[in-house]
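S.K.: Got a predicted structure plus its sequence, pasted below:
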Amino acid sequence: MLDIKFIRENPDIVRDNIKKKFQEEKLPLVDQVLELDEKNRATMTQANELRAARNALSKQVGQLMGQAKQDPSKVEEAERAKSQVKANADQLAQLERQEEALAAEIRKIMLAIPNIIDPSVPIGPDDSANVEVERFGAPAVPDFEIPYHIDIMECFDGVDLDAAGRVSGAGFYYLLGDVARLHAAILSYARDFMIDKGFTFCIPPYMIHGNVVEGVMSQTDMDAMMYKIEGEDLYLIGTSEHSMIGKFINQIIPEDSLPQTLTSYSPCFRKEKGAHGIEERGVYRIHQFEKQEMIVVCRPEESMDWYEKMWRYSVELFRSMNIPVRQLECCSGDLADLKVKSCDIEAWSPRQQKYFEVCSCSNLGDAQARRLKMRVKGEHGTYLPHTLNNTVAAPPRMLIALLENNLQADGSVTIPEVLQPYMGGARTLLPKH
């Protein structure tokens with residue numbers, strides 16, 4: 001969410017940014033919010049004048065009532081002043097209700113106006129205009145056929161989609177045996193990898209209040225992603241970023257405690273509504289999965305340095321498991337409204353002979369901090385911090401990349417050296433079929 005003062009002083013910049021994001025339907029919002037802001041400021045001025053008049057009249061009433069003890073003629077004058085105080089109070093109450101209504105309407109519009117993107121973001125309407133920046137590791141295609149990832153898992157008796165369908169429906173799965181253990185090994189390794197980078201490990205709440213949801217994501221994303229708990233002001237998290245950033249709601253953070261660097265584990269729950277839907281057979285796009293996340297809360301001047309570090313951590317993690325990846329810069333039309341800059345890390349799929357998304361690294365500037373009323377208390381006053389997040393590991397997708405890239409011609413899977421301590425020292429998974 002932008003600062004209303006920024007919109008007031010830079011309406012053309014805000015309009016140009018909306019155009020760059022190919023959201024022309026939102027252009028009228030700028031004039032609407034400016035008009036409401038003008039009304040609100042006029043209402044506030046009028047209310048402040050009434051408060052000053054009320055205070056002066058109240059003082060005058062006290063003086064007149066004191067004088068009335070000596071001069072009865074002052075009683076009538078005091079009563080007139082009291083009547084005026086009452087009239088002012090009624091008018092002030094009406095203005096305060098008007099202020100509240102205008103502020104709510106302004107906030108609703110402000111939540112829909114996108115954040116200002118970084119000048120380095122490529123301009124384009126959708127993900128087809130995303131730009132490949134760099135590749136890490138040579139994408140290889142073996143001289144034998146790579147089966148579909150579910151077929152690989154089934155060779156190890158490692159997945160049961162039929163049972164999950166009976167229990168929960170489409171978009172769920174049972175992982176079993178060595179595949180389940182490999183899934184857990186990836187999460188454990190990802191956790192320790194981030195701890196070694198100096199991040200503090202955290203397990204957050206898996207449900208959050210509605211005001212936290214509004215603080216961390218756009219309404220569009222919320223409707224497409226979040227599951228609401230019926231009858232309660234609680235939502236299941238779609239990623240631990242939601243509750244990790246929500247941790248700082250309404251808080252004043254001491255400047256000397258920055259940067260806050262946290263790595264969190266959680267299950268994640270997503271509706272996955274939209275054009276892509278739920279994949280008919282597989283664990284690529286699902287309603288429930290587990291994830292290790294990285295979160296940074298920092299000084300504004302440090303956020304781009306952290307953005308660079310964070311996506312490079314993802315590259316380092318994947319390359320340590322023999323998985324080729326590339327960095328893909330997200331274009332303006334592919335950025336969620338709160339994001340200043342974002343990139344995807346995509347893993348190589350030998351079966352499909354193309355890359356697919358496994359991590360998303362985002363700098364949100366001060367948008368979440370403003371929505372959540374997070375502040376930093378520094379030597380020269382208070383200010384809004386910047387927030388960033390990035391996927392460390394989301395095993396269903398990482399599992400697909402790991403299995404495909406480490407599959408051997410005989411159907412076995414080589415376990416990367418970094419995962420072997422988490423797999424009881426095993427170096428290879430041998431198929432049962």
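M.R.: Okay, I see it. Numbers count the residues shown, from 1 in each chain.
S.K.: okay but Asn211 is in contact with His242, surely?
M.R.: No. The criterion here is Cβ atoms under 8 Å, and Asn211 misses it with His242 at 11.9 Å. Quick note: C-beta positions are derived from backbone N, CA and C, even for glycine.
S.K.: Which residue of those two possesses the greater neighbour count?
M.R.: Neighbour tally, Asn211 and His242, criterion other Cβ atoms under 10 Å: the higher count belongs to His242, 28 against 15.
S.K.: and stretch 405-418, which residues are buried?
M.R.: 405-407, 411-413, 415-416, 418 (16 or more other Cβ atoms under 10 Å).
S.K.: and that stretch, how far from the chain's centre?
M.R.: Taking Cα atoms, centre = their mean, to the nearest Å, one finds the center of stretch 405-418 at 35 Å from the center of the full chain.
S.K.: What lies in contact with that stretch?
M.R.: Residues outside stretch 405-418 that contact it (Cβ atoms under 8 Å, 6 or more residues apart in numbering) are 140, 142-144, 146, 152, 155-156, 182, 189, 320-324, 347-348, 350, 402-403, 423, 426-431.
S.K.: redo that, cut-off 6 Å
M.R.: By Cβ atoms under 6 Å, 6 or more residues apart in numbering, the list of residues contacting stretch 405-418 from outside reads 144, 155, 189, 320-323, 403, 423, 426-431.
S.K.: Which among the residues you listed count as buried?
M.R.: By neighbour count, with 16+ other Cβ under 10 Å, these hold 155, 189, 321-323, 403, 423, 429, 431 as buried.
S.K.: Among those, which ones are in helices?
M.R.: 155, 189, 403 (DSSP state H).
S.K.: Need the max-distance pair from the contacts of stretch 405-418.
M.R.: The span of the contacts of stretch 405-418, defined through Cβ to Cβ, is set by Phe144 and Tyr189 at 27.4 Å.
S.K.: Return the member of the buried ones among the contacts of stretch 405-418 nearest to Ile249.
M.R.: So of the buried ones among the contacts of stretch 405-418, ranked by how close each gets to Ile249 (Cβ to Cβ), first place is Tyr189, at 31.4 Å.
S.K.: The stretch 51-200 of the chain: helices as residue ranges?
M.R.: 74-112, 149-155, 161-167, 177-196 (DSSP state H, counting those that start in this stretch).
S.K.: who touches the residue nearest to Glu105 when sequence neighbours are not counted in this structure?
M.R.: The shortest distance from Glu105 to any non-neighbouring residue, by Cβ to Cβ, 6 or more residues apart in numbering, is to Leu36 (5.7 Å). Residues near Leu36 by Cβ under 6 Å, 6+ apart: 102, 105-106.
S.K.: in the chain, what spans have low per-residue confidence?
M.R.: Low-confidence segments of the chain, defined by pLDDT under 70, are located at 54-86, 273-280.
S.K.: What's the separation between Pro350 and Arg397?
M.R.: Separation of Pro350 from Arg397 (Cβ to Cβ, to the nearest Å) stands at 15 Å.
S.K.: With neighbour numbers in mind, choose between those two.
M.R.: Set side by side, Pro350 and Arg397 show more neighbours around Arg397, with 22 against 18, by other Cβ under 10 Å.
S.K.: Excluding chain neighbours, give the residue nearest to the more buried one in space.
M.R.: Excluding the flanking residues, the one nearest Arg397 by Cβ to Cβ, 6+ apart is Val358, at 4.9 Å.
S.K.: Can I take it that that neighbour is in a strand?
M.R.: Yes. According to DSSP: H, G, I helix; E, B strand; the rest coil, Val358 belongs to a strand.
S.K.: about what we covered before: the residue nearest to Glu105 - that's part of a strand, no?
M.R.: No. Going by three-state DSSP, the assignment for Leu36 is helix, not a strand.
S.K.: How much space separates it from Asn10?
M.R.: In terms of Cβ to Cβ, Leu36 sits 17 Å off from Asn10.
S.K.: Just give the number of residues close to the closest residue to Leu372 other than its chain neighbours.
M.R.: Closest residue in space to Leu372, ignoring its immediate chain neighbours: Gly215 at 3.9 Å, by Cβ to Cβ, 6+ apart. Using other Cβ under 10 Å, the number of residues around Gly215 comes to 26.
S.K.: Assign Gly215 to helix, strand or coil.
M.R.: Criterion first, three-state DSSP; result for Gly215: helix.
S.K.: now His242
M.R.: helix.
S.K.: I'd assumed Met217 was in contact with it.
M.R.: No. Using Cβ atoms under 6 Å, His242 is not in contact with Met217, being 7.1 Å away.
S.K.: show me what contacts Cys133?
M.R.: Slight slip there: residue 133 is Val, not Cys. 327, 329.
S.K.: Distance check, the nearest residue to Cys298 once chain neighbours are set aside against Pro300.
M.R.: Closest residue to Cys298 apart from its sequence neighbours, by Cβ to Cβ, 6+ apart: Pro259 at 3.9 Å. Applying Cβ to Cβ, the value for Pro259 to Pro300 is 11 Å.
S.K.: Can you report how many residues lie near Phe136?
M.R.: Count around Phe136 with other Cβ under 10 Å applied: 17.
S.K.: who does it bridge with?
M.R.: Val325 (DSSP bridges).
S.K.: Leu388 reaches Trp306, doesn't it?
M.R.: Yes. Using Cβ under 6 Å, Leu388 is in contact with Trp306, at 5.5 Å.
S.K.: which neighbours do the two share?
M.R.: With Cβ under 6 Å, 6+ apart as the test, Leu388 and Trp306 both reach Val296.
S.K.: Which one's more surrounded, these two?
M.R.: Between Leu388 and Trp306, Leu388 has the larger neighbour count (other Cβ under 10 Å), namely 31 against 22.
S.K.: did I read that right, the more buried one in a strand?
M.R.: Yes. Counting by three-state DSSP, Leu388 is found in a strand.
S.K.: Now do the contacts for it.
M.R.: 296, 306-307, 363.
S.K.: so who does Gln292 touch?
M.R.: 187, 190-191, 265, 392-393.
S.K.: Adding distance to Asn115 and neighbour count, write the residues you listed out as CSV.
M.R.: CSV is the format used below for the contacts of Gln292 (distance: Cβ to Cβ, whole Å; neighbours: other Cβ atoms under 10 Å):
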residue, distance to Asn115, neighbour count
Leu187, 31, 19
Ala190, 29, 25
Arg191, 31, 18
Tyr265, 28, 19
Val392, 24, 26
Ala393, 27, 27
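S.K.: Many thanks, I have nothing further to ask.
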